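Undergrad: return atomic coordinates for the entry below.
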Amino acid sequence: LLRVRTIMKKLTSVKIEFDYEIYNESDELLTTGNSILVFVNMETGRPVPPPDHIIEKVNSGEK
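TA: Numbering: from 1, shown residues only. Below is the predicted model:
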């Protein structure tokens, strides 16, 4: 059984950055990671703001 802790590190107009911590059953930190979500207009290839429904979920802490 693993526990993943997700931390929203940064929210800008075109990207969201997350950090992750993975713990085992003894609550020992096993590893860390990060990801950056960038939202892109499929037609132009240019960055765009995240959709409102994504921002709402991230800000509410919804799972």
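
Undergrad: centroid-nearest residue for this protein?
TA: Using CA atoms, centre = their mean, the residue of the chain that lies closest to the mean C-alpha position is Phe18, 3.8 Å off.

Undergrad: let me see the contact set for that residue.
TA: By CB atoms under 8 Å, 6 or more residues apart in numbering, Phe18 lies in contact with 6-9, 34-37. C-beta: built from backbone N, CA, C; applies to glycine.

Undergrad: what's the burial count for the closest residue to it other than its chain neighbours?
TA: The spatial neighbour of Phe18 that comes closest, neighbours along the chain excluded (CB to CB, 6 or more residues apart in numbering), is Ser35 at 5.2 Å. Burial measure for Ser35: 11 neighbouring residues, criterion other CB atoms under 10 Å.

Undergrad: picking up where we left off before, report pLDDT for the residue nearest to the centre of the chain.
TA: For Phe18, the pLDDT comes out at 95.

Undergrad: next up, identify which helix or strand the residue lying farthest from the centre of the chain is on.
TA: Distance from the C-alpha centroid of the chain, by CA atoms, centre = their mean, peaks at Ser26 (25.1 Å). Using DSSP states H and E, Ser26 sits within no helix or strand.

Undergrad: noted, bye for now.
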